[in-house]
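**Q** sequence and computational prediction follow.
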Number of protein chains: 2
Amino acid sequence: MRRPRVGHIEFLNCLPIYWGLARSGALLDVELHRAPPDQLNHALVQGHLDIGPISLVEYLRHSEELLLLPDLGVTADGPVLSVNLSSKVPLAESGPNPTVALGSTSRTSVLLAKLLLEQRYGLAPVYHEAAPDIDTMIASADMAVLIGDEALKVHFGRGEDLNLSVLDLGAAWREWTALPMVFAVWAVRRDYAAANPGLVKGVLEAFLSSVELSRRELEQVAAHASRWEPFEAVNLVDYFHKLWIGLGERHLSGLREFAAQANRYFDVPPVAEGGPEFFAPT
Amino acid sequence: MRRPRVGHIEFLNCLPIYWGLARSGALLDVELHRAPPDQLNHALVQGHLDIGPISLVEYLRHSEELLLLPDLGVTADGPVLSVNLSSKVPLAESGPNPTVALGSTSRTSVLLAKLLLEQRYGLAPVYHEAAPDIDTMIASADMAVLIGDEALKVHFGRGEDLNLSVLDLGAAWREWTALPMVFAVWAVRRDYAAANPGLVKGVLEAFLSSVELSRRELEQVAAHASRWEPFEAVNLVDYFHKLWIGLGERHLSGLREFAAQANRYFDVPPVAEGGPEFFAPT
């Protein structure tokens, strides 16, 4: 029998998923593929992975082939710290057509930035893609969208050093909608789940145990990560409180709201009545 | 600080190295690259990996850039089960110029087969490379060299099914030299070890703990592997007793003997007096 092919994002935001897997022996029972989020999105949709994290927009576009894994998502009910928009002047003082450097190819984060800039703040920005480096981005644009570890650096000091206004896009989404933001979910391919329900259940249980262990050992997780990453443990504890691995009822409301908004920009099928659809372990 | 980039071979023979890593949390402190042996050899020599397993021939060719990790090697003091030569007739009955299909690009195993066929049995075979599938190999050649999981299948029944004579190359090497065979070693790049002795020591300790745990839990390792691989647990216990992860004095004598023999075929510098050179944790 083949081990399930499971994707893993090697960013800090997914460390709580890996923390327990690396200690429980669960990695012996999966073929783990570590890659940047874009590659994992593509691999899951193409069927080169059986299970993995997937950006919310990509999930919405391909939900007919996928089932969500319950209780798992990259979410924030307010500030997320690692997805932000930096600008030379506060948004309220921006001209109508700011230039915006997109330092991410994450469709969800880019769309979130666009929704806020265009729908909430009524701007008509001009976008261009850029390498994720705040100094060069802000030298060539009025605003910069960053995610992940580069965004955390802006949050934890670099934004202030450069005298930038930093808008946390998780916080801005909640101010706008009163809902949490769901940046990514974990999904299994429907064909794989139908053929291998026991294996999927095993992976799901390993994920959930890992997240639970990470919550209990949050200070250890942060201390460990600070050994390798350019962030202090105390800041990482703050981050792991805000960036929440989970998917409760409020998050699902946020997911549905985002899907409705995304419809303006992408050909996204609406979330079905009672949806999204989940893998149900038996 | 960057995590050490560590190679791992996803074959059964390296499961005893992974068994403990996957349960101790040690994987949190390395950037693990899993790939076939040839790719890992190349990556370590090119400096794309800091630490990893390397085929003995490749180590010998590049020993000036590498230090061995103590007590770690893929060895066998007699039968190895997973490196063999299958032939339609026993070697003693072979004509002088048998055709030999090489189902492996492992320089060490291929060289071991050549040494035995040419130096020990006095044959002058004609070699060609082939995909590692015993049925097609033996359909187009008098003999076939296989390693790894495909060789194990031949050992555990497929060879008998096809009415082949199967020569275990680990056993044949010991009959010839009275020494164990060292198929692969673990090495660290000298420049990396000089700059990061503490990190290398940490990885070495994690490896050695893992191997020790695997020895204590050998039946569990075998039972686990039999869930995913086409071999019965009882056969895998046998395999893990014969395929030994270690590198003692007798193995080093075997390594030096192989290096001396390899000199006839490759431009391999002789092992220096008192060598090979090891990483010495302080």
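**A** Arrived safely, thanks for sending. If you're wondering where the values come from, they're calculated on a predicted model, not measured in any experiment. Residues are numbered from 1 along each chain as shown, chains lettered A, B, ... in the order given.

**Q** use CA for all of it now, contacts and neighbours both
**A** Noted.

**Q** ok, for the residue in the stretch 51-200 of chain A positioned nearest to chain B, nearest residue in space, not its chain neighbours?
**A** In the stretch 51-200 of chain A, no residue comes nearer to chain B than residue A:199, which is 11.7 Å away by CA to the nearest CA. Nearest residue to residue A:199, sequence neighbours excluded (CA to CA, 6 or more residues apart in numbering or on different chains): residue A:4, at 7.1 Å.

**Q** so who does that neighbour touch?
**A** Residues in contact with residue A:4 (CA atoms under 8 Å, 6 or more residues apart in numbering or on different chains) are A:29-31, A:49-51, A:199-200.

**Q** switch the cut-off to 10 Å
**A** Neighbouring residues of residue A:4 by CA atoms under 10 Å, 6 or more residues apart in numbering or on different chains: A:29-32, A:49-51, A:192, A:196, A:199-200, A:202-203.

**Q** wait, isn't residue A:206 in contact with residue A:16?
**A** No: contact between residue A:206 and residue A:16 fails when scored by CA atoms under 10 Å: they sit 11.9 Å apart.

**Q** shared neighbours of those two, anything?
**A** Residues touching both residue A:206 and residue A:16 (CA under 10 Å, 6+ apart): residue A:212.

**Q** comparing the two, which shows the higher neighbour count?
**A** The neighbour comparison of residue A:206 against residue A:16 (other CA atoms under 10 Å in any protein chain shown) goes to residue A:16, with 24 against 20.

**Q** distance of residue A:277 relative to chain B?
**A** Remark: distance between residue A:277 and chain B (CA to the nearest CA, to the nearest Å) = 30 Å.

**Q** next, work out how far apart that residue and residue A:242 are.
**A** Separation of residue A:277 from residue A:242 (CA to CA, to the nearest Å): 26 Å.

**Q** and what of residue A:213?
**A** From residue A:213 to residue A:242 the distance is 17 Å (CA to CA).

**Q** what ranges do the strands span in the stretch 51-200 of chain A?
**A** A:51-55, A:66-76, A:83-87, A:99-102, A:126-129, A:143-147, A:165-168, A:181-189 (DSSP state E, counting those that start in this stretch).

**Q** buried deepest among these, which one?
**A** Highest mean neighbour count of the strands of the stretch 51-200 of chain A: strand A:143-147, a mean of 28 (counted as mean count of other CA atoms under 10 Å in any protein chain shown).

**Q** neighbouring strands - and their directions - for that one?
**A** Note on strand A:143-147: by DSSP bridges, its sheet partners are strand A:83-87 (antiparallel), strand A:99-102 (parallel).

**Q** with adjacent residues omitted, what lies nearest to residue A:197?
**A** Nearest to residue A:197 is residue A:281, by CA to CA, 6+ apart, at 7.0 Å.

**Q** over to residue A:221?
**A** The nearest residue in space to residue A:221 (CA to CA, 6+ apart) is residue A:214, at 6.6 Å.

**Q** tell me the SS of the one you found?
**A** Three-state assignment for residue A:214 (DSSP: H, G, I helix; E, B strand; the rest coil): helix.
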